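Q: Need coordinates for the below:
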Amino acid sequence: MNKHPFLFCGFTGWCLEILWTGLHSLLRGDAAMKGTTSLLMFPIYGCAALIIPAYRRIKNLPIFLRGCLYTAGFYFGEFTSGSILQAFHMCPWDYSGAPHQYRGIIRLDYLPVWFLTGLFFEKILTKSS
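A: So this is what the prediction gives:
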């Protein structure tokens, strides 16, 4: 893998978010498919590099359990970073109008997305392990 996993994860996260929001804009009828992100998201996505040391400890667990652990880690990171950013009125996302949300910071219906994203990052970050 790359020598700078934090940077790699930050840039990959940005790209995935732009793809995700662009597809959502298409579903809302925006043929321009405008995708967006925030500069504040780079260090948050960069923290996905923590999958590397986590994987070393859990690599012998079944893939389903690893995906569940990554999901829990992503929810923890999203809730923690979102709470801190909300305290400073800087949080770039607000799920308060969505169903299955908690404090406008996390969406429980995104669980499958975080599960697959965790396994995706595991695959690309540990391919040489």
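Q: Only C-alpha atoms from now on, for both contacts and neighbour counts.
A: Noted.
Q: Check the offset of the top helix by length along the chain from the chain's centre.
A: Secondary structure of the chain read by DSSP state H shows that its longest helix is helix 63-87. The chain centre lies 8 Å from the centre of helix 63-87; the measure is C-alpha atoms, centre = their mean, to the nearest Å.
Q: Can you name every helix or strand that the helix or strand just after that helix contacts?
A: For helix 63-87, the succeeding helix or strand toward the C-terminus, using DSSP states H and E, is strand 101-102. Contact partners of strand 101-102 among helices and strands, from 3 or more C-alpha pairs under 8 Å, 6 or more residues apart in numbering; DSSP states H and E: none.
Q: Please work out which residues outside strand 101-102 touch it.
A: 95, 96, 107, 108, 109 (C-alpha atoms under 8 Å, 6 or more residues apart in numbering).
Q: List the pairing partners of that strand within its sheet, with orientation.
A: strand 106-107 (antiparallel) (DSSP bridges).
Q: Can you point out the buried residues in the longest helix of the chain?
A: Residues 66-75, 77-79, 81-83, 85-86 are the ones in helix 63-87 that count as buried (16 or more other C-alpha atoms under 10 Å).
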